[in-house]
Every structure is written in structure tokens, then in C-alpha cells.
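*Asks:* Everything below, folded, please.
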Amino acid sequence: MSNMVSSRYNGFSFDDNAEATAEATVEQDRDLPEFFSAPGQGHPFSGVERNGRRARAARTAPYHSRRSYSSHEPSSSTGLSASLPSFSHSVPIHHLPWDELPHGRRAVNFNNHIYGGTGGNGGTGVWGQGGDGGAGEGPIVNYYIDEGNINHIHCRGEQGLYILRQAAASDAFHDSAERYPQPKCHPETRTEMLKDLMKWTSGNRSDSRVLWLHGPAGAGKSAIAQSLCQKLEAEGRLGASFFFKRGHPSRGHSQKLFPTIAYQLALLLPELNHAISQVVEENPSILDRSLSTQLRKLILEPCRQSYHSSTFVIIIDGLDECQGLNIQQEILRSIGNVLDRGPLPVQFFVASRPEPHICEMFTAVLKGIHRPVNIQQSFEDVRRYLKDEFGRIHQEHQETMATIPGPWPSWGTIDRLVHSSSGYFIYASTVIKFIDDKDFRPPERLQVILGMKKPDSGSPFAALDALYTQILCAVPRRPLLLKILAVIAAKIQLPIGYIDQLLELEPGEVQLTLRGLRSVIGAKKEDGSECNDWSLESKIIVHHASFLDFLQDPARAGTFYVGNSSLRTDLSRHILKTLSYSYNNPSLNRHGFVGQ
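*Replies:* Alright, predicted model coming up:
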């Protein structure tokens, strides 16, 4: 007795002992893109949708089945119709001429010839005619696609794009969610500099194919790079961006730099998509090769193969925050070597501090192909920024500012702050963050700033150092504050609650002590996103590298220097004591402290 089996897999139905014919309708629907692949048949049915969603696979008949098929184009709503010749020969399904079918609704009829097996031998003739041969009783399968919308996409290289996506650091993009809110120029500031930079992007001169924007910490390099990204993106000329961040798991080193840039370039142009994806699919180990090899194979050669009339800009910000001085030099050396090999439809924008080893590379390896741009002090831009930000604070702090008439503060006060800024935004932005704290009254916070001792004019950042000192002086319990700052400067990445345990404090002591420092430090959640509501589970982050530089420089920090022998000895004692404990705390152990 025959077995009757019915099952459904992703729109397919299988019925044993049914008639061996099937009809499949392939409908292309722009609103409902679907994907169909035949396992065992390879790429002709596979693909990756443009929006990156992985397609769903469907099961098919056994590999040995063969079909005769015909195809036709049904009449459309416009009354137009077309037909293709019918094919009667038996071929594997992956040999179907999908590319010859017109676009739109398509119907393909399959007549399956799935043989049930060879019949048995005829009976032996004894005094008469022999019996008939036995019938083949193997299973005959009928399958069909019902209500399936299928897009046939040739997928060569598209697996490479998926592999590249896994190796890229999307949080390094200029518009990544992790970097929100991104630092950017005030609409009325740095206008001349941005105009000059946009002019450079349109020139593509051989002697300035790399633009090096350099300046000290806090001068506004990242804000300028961010604003340039947004302007180029609006014009369709942003090739890729990568924003380094010191100590970050994916943005703090070079391993993801060129894969991230290549991935963005692949999304930019279809021809680059194919070329770059194919490189990765054919040789996935390229992602583990040297920086120069990655740049050459993932960017240089695909761009040369798919030369485009437009020029795109690749923006690399914060090169000095990439781990390893030698790696920073290798990145610049690789870029120089690529540009020496002939014209490319890309330009490189690099922003960094003017560190000696970086200056050396630009004056040697990149000599003759780069243009240096020094961020100049801009007192008027700082004035505009402070004026608008104080206006915003006056409007948003309605309860505490209700009795304070505008404009606030006075023009004389703003002039004083502009002078103290030395023309750099790090001072102005730190002042605004300090005054904008929701836990304090803005006029009182402003008085703290204005009550500072006049800084020595010999250093351009003497005012910034004095500002950091004044902010720290406003925090009570200085001995405990220094212990906590020593942990922060040592980059011990523990949740706030576990810093309490490390320093043998009551729960919440670290939160309370750092309450007045939110203008220079913040907190992030377990997923890495910044949060305003500090909790015992959140981790401490520093808003700007210049604050860590200050804490670790005895000449600048004075009594707040965290590198003295006393603080180091005390921190070492706490760490050793923690290691000797038998903590029954899996979360603490996960963060690096394992009990004996």
C-alpha cells in the first residue's frame, strides 16, 4: 500500500504518488521582495537584497530529478504580452534561462520526469507466453510553489559583501548611533574653513590628494570632520568615513579600518560593490592581511577596475587615537604607497594631533602629495557658539532661570570667556557642559567659572588647565576623588558599582563623588551607548582625551596629578587585595577580577 505524505517547506508542497507535473509562478513585486534558492544548485537562485536582509532558502526536489519546461510572459495591465520559446528537453533546474525572461510577472511551467524505478523482469514462459514485467513503484513527487514572489538575483560576490559587513565597524561611521550626538560645527562657525575644505574636495590636484587637518586636543578637528562628512554626503561625494576613538574595542585600533572603508565604498556604487565583494568572497583571508595589502586589494584595485568620473572623499578622523604609534605610521605609509601608483577617484582627509611621528610621515612618505591645514584659533566663532548656547540654557532651565532677565550673561562675561578660551572650542564646550548641568542652577555654576584664578598666559591651554582645576576643586572629598580618578586614568573598565567594591566603598559612593564632574566625564550602558542616568551597572567614559592628558601631567594637574607613587601604590594594593578575595560574584569576575 502506498504511503501518502504531505508537507510544506517555505511555500513548497510535497505529495507522494501525485502526478509528476508542477507549475511555478515567478512574480517580481517591488514592494514585497522575496528570495528563493535551490540548495545543491548553487548561485543561480541565490542573492542578497540591497537592504542587506538575508534571504530565505526553499527546499527542492531530489538532485537527480530532471524537468522539461516552458515559459511565458502573461499579459500585463497595459495589455502588452510577450512569450519565449518553449523548451521540451530535460535539463537541471539551475540551467533554466532566467536571464532571458522579460522583467515583470513571469510564469514557468515545469513537467517533472521523476522515474519510479525500473520494472521487474517478465515472467518465464512455460508452455505459453511469459508474464508482463513488473511496474516501477518508486515514489513520484509533485511539488509546486504557491503564492511565491521570487526575485532571481545573480549572487556572485555577494557572500563577500556579507563577510565584509561582519568585519566592518559600523560604529566608526560618521552617522553611527553610538557616536550620537556627534560633535559638529555650529552653523555659523568655521564657515570659511569648511568652504575651503569643500573647494579642496572638488580639485583633486596631484600635489594635494591627501589633506592633513592638524591641531591640538580640543581644537575642534572632529567637529570639522563631522561637518565635512555631512556636506559631502549631501552632494553624494562621501566615499567613506572612520572616526577613531582611543581605547574603543572596534574604533581604537586599525584592524577594522580598511574593511570598514571598503564596505562603505561597496555600498556607494554597484560596480564597486561587485568588485570588492568578489575579492572578499574569493579570498576571505584578505581581512587578516597587512594594512598595505588590504588597502591595495580592497580599495585600490577595485577602484581602478571601476574607475568613476566623480571623485569621492575618504575621511579618517583621530588618527593619533589609533592604538600603536607604529600602526599610525603604517596607515599613512600605506596611503602614500597607493597614491604613488597612479590616479585614483578618491581623496583622503586625515585629522590628527600634530604628534612628532605623524609629522615625520607627512614630511617624508607623503611629501608632494598632501596639503597641511592647521586649525587656527577662532575667537569670533567661539563667541557665536557661547552666545547661542547661553541663550539655549536660559530657555531650557525655565524653573531656575525664571527670575533672570535676558540676555544672560552679559556681553562682558561672554568676552571674558572668549578670551579665556584662547580661540579653541574645547574650553567653550567644557564651560557650557559645566553650566548646563540639570542638577545645579546655571548662574551659580557660571560664578564658579568666573571665580577662577587668572591663568598663566604662557600656554595656549593654560585657561583649559585652570578650568579643569576649578571644576575638580568644586568636588568635595578630594582624597577619595583622587583614588577614583586614578582608576579612571588607569583605564580599568569596571562598572561603577564594582569600582565601589574595588576601593572598598559603600555602594553609590563613586556616583556621589563624581556627581559634579559631568562636564568632563560621562557614563555608558553595557551596550556602549552613552546614558544620562548613571547607574551602578554603567561604566565611566571621558568626554575628551585632553582631560586624561591633564590628569597624567604633573606640571598641568598639580595637586590633581594621579600618577604619583602614593596613589599608584594604593591602587595596586586594592587590586591585589581584590585578587586574593574569593568573590562569589560572576559579574565581577567577568570584568577581570577572578577569585582564588
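*Asks:* residues of stretch 244-261 that come out buried?
*Replies:* Within stretch 244-261, the residues scored as buried using 16 or more other Cβ atoms under 10 Å are 244-245, 248, 250-261. (Glycine included, C-beta is placed from N, CA and C.)
*Asks:* which residues make contact with that stretch from outside it?
*Replies:* 164, 167-173, 239-240, 242-243, 287, 291, 294-295, 298-299, 314, 316-324, 327, 330-331, 491, 545 (Cβ atoms under 8 Å, 6 or more residues apart in numbering).
*Asks:* Of those, which belong to strands?
*Replies:* 239-240, 242-243, 314, 316-317 (DSSP state E).
*Asks:* Format these as CSV; extra columns: neighbour count and distance to Tyr424.
*Replies:* Below are the ones in strands among the contacts of stretch 244-261 laid out as CSV (neighbours: other Cβ atoms under 10 Å; distance: Cβ to Cβ, whole Å):
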residue, neighbour count, distance to Tyr424
Gly239, 23, 29
Ala240, 27, 28
Phe242, 24, 24
Phe243, 26, 20
Ile314, 21, 27
Ile316, 24, 22
Asp317, 26, 17
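*Asks:* Dump these into TSV; add pLDDT and distance to Gly406 as well.
*Replies:* Listed next are those as TSV, based on pLDDT from 0 to 100; distance: Cβ to Cβ, whole Å:
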residue	pLDDT	distance to Gly406
Gly239	96	45
Ala240	97	44
Phe242	98	42
Phe243	97	37
Ile314	98	45
Ile316	98	42
Asp317	97	36
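*Asks:* what about Val542, neighbour count?
*Replies:* 18 (other Cβ atoms under 10 Å).
*Asks:* That one touches Ile521, doesn't it?
*Replies:* Yes. Using Cβ atoms under 8 Å, Val542 makes contact with Ile521 at a distance of 5.5 Å.
*Asks:* joint contacts of the two?
*Replies:* In contact with both Val542 and Ile521: Ile488, using Cβ under 8 Å, 6+ apart.
*Asks:* Please determine how far Ser572 is located from Leu298.
*Replies:* 44 Å (Cβ to Cβ, to the nearest Å).
*Asks:* Contact partners for Pro183?
*Replies:* Pro183 neighbours (Cβ under 8 Å, 6+ apart): 220, 222-223, 226.
*Asks:* In helices only, show me those.
*Replies:* Those of the contacts of Pro183 mapping onto helices are 222-223, 226, per DSSP state H.
*Asks:* Distance to Asn283, neighbour count and pLDDT for these - can I get that in CSV?
*Replies:* Formatted as CSV, these follow (distance: Cβ to Cβ, whole Å; neighbours: other Cβ atoms under 10 Å; pLDDT from 0 to 100):
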residue, distance to Asn283, neighbour count, pLDDT
Ser222, 34, 23, 94
Ala223, 39, 19, 94
Gln226, 34, 22, 96
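*Asks:* Any chance of CSV for those residues, columns distance to Ser378?
*Replies:* As requested, those are arranged in CSV below (distance: Cβ to Cβ, whole Å):
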residue, distance to Ser378
Ser222, 15
Ala223, 12
Gln226, 17
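*Asks:* Looking at those, spot the one nearest Ala275.
*Replies:* Gln226 (29.0 Å; Cβ to Cβ).
*Asks:* who touches that closest one in this structure?
*Replies:* 174, 182-185, 243, 317.
*Asks:* Out of those, which two sit at the greatest distance?
*Replies:* Greatest spatial distance in the contacts of Gln226: Cys185 and Phe243, 15.1 Å, computed using Cβ to Cβ.
*Asks:* quick one, domains of the chain?
*Replies:* Per automatic domain parsing, the structural domains of the chain span 6-117+138-145, 158-374, 385-461, 475-590.
*Asks:* what stretches of this protein score poorly on pLDDT?
*Replies:* 1-157, 307-308, 452-460, 532, 582-596 (pLDDT under 70).
*Asks:* where's Pro507 relative to Val313, distance?
*Replies:* Pro507 is 50 Å from Val313, by Cβ to Cβ.
*Asks:* Need the winner for burial among the domains of the chain.
*Replies:* domain 158-374 (a mean of 18; mean count of other Cβ atoms under 10 Å).
*Asks:* end-to-end on that one?
*Replies:* Using Cα to Cα, to the nearest Å, one end of domain 158-374 lies 42 Å from the other.
*Asks:* need the helices for the stretch 451-596 of the chain, in chain order.
*Replies:* In the stretch 451-596 of the chain, the helices defined using DSSP state H, counting those that start in this stretch lie at 462-473, 478-489, 496-502, 509-513, 545-551, 554-557, 565-580, 586-590.
*Asks:* out of those helices, nearest to Ile276?
*Replies:* helix 545-551 (32.9 Å).
*Asks:* helices or strands up against that closest one?
*Replies:* Applying 3 or more Cβ pairs under 8 Å, 6 or more residues apart in numbering; DSSP states H and E, we find helix 545-551 packed against helix 462-473, helix 478-489, helix 554-557.
*Asks:* Same list (those) but as TSV, adding distance to Pro442.
*Replies:* Below are these laid out as TSV (distance: least, Cβ to Cβ, whole Å):
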stretch	distance to Pro442
helix 462-473	15
helix 478-489	23
helix 554-557	27
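*Asks:* Of those helices, which is nearest Glu192?
*Replies:* Once the helices and strands packed on helix 545-551 are compared by Cβ to Cβ, helix 462-473 is nearest, at 24.1 Å.
*Asks:* Please list the outside residues in contact with that closest one.
*Replies:* 218, 420-422, 424, 426-427, 430-431, 434, 448-449, 451-456, 459, 481, 516-517, 519-520, 546-547, 550, 556-558, 560.
*Asks:* which one's the longest helix in the protein?
*Replies:* The chain, longest helix under DSSP H: helix 379-396.
*Asks:* Specify which member of the contacts of Gln226 is nearest to Leu194.
*Replies:* Cys185 (6.8 Å).
*Asks:* just checking, that closest one touches Ala223?
*Replies:* Yes. Using Cβ under 8 Å, Cys185 is in contact with Ala223, at 5.0 Å.
*Asks:* related to what we said a few turns ago, of all the helices and strands packed on helix 545-551, which lies closest to Pro345?
*Replies:* Here helix 462-473 is closest among the helices and strands packed on helix 545-551 (Cβ to Cβ), at 40.9 Å.
*Asks:* Just the CA coordinates for that closest one, please, in CSV.
*Replies:* What follows is helix 462-473, C-alpha atoms only, in CSV (Å, rounded to 0.1, in the frame of the first residue of the first chain):
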residue,chain,number,x,y,z
ALA,A,462,46.6,77.3,30.5
ALA,A,463,43.0,78.5,30.6
LEU,A,464,41.8,75.0,29.9
ASP,A,465,44.0,73.6,32.7
ALA,A,466,42.7,76.2,35.0
LEU,A,467,39.1,75.3,34.0
TYR,A,468,39.8,71.6,34.7
THR,A,469,41.4,72.5,38.1
GLN,A,470,38.4,74.7,39.0
ILE,A,471,35.9,72.0,38.2
LEU,A,472,37.9,69.5,40.2
CYS,A,473,38.2,71.9,43.1
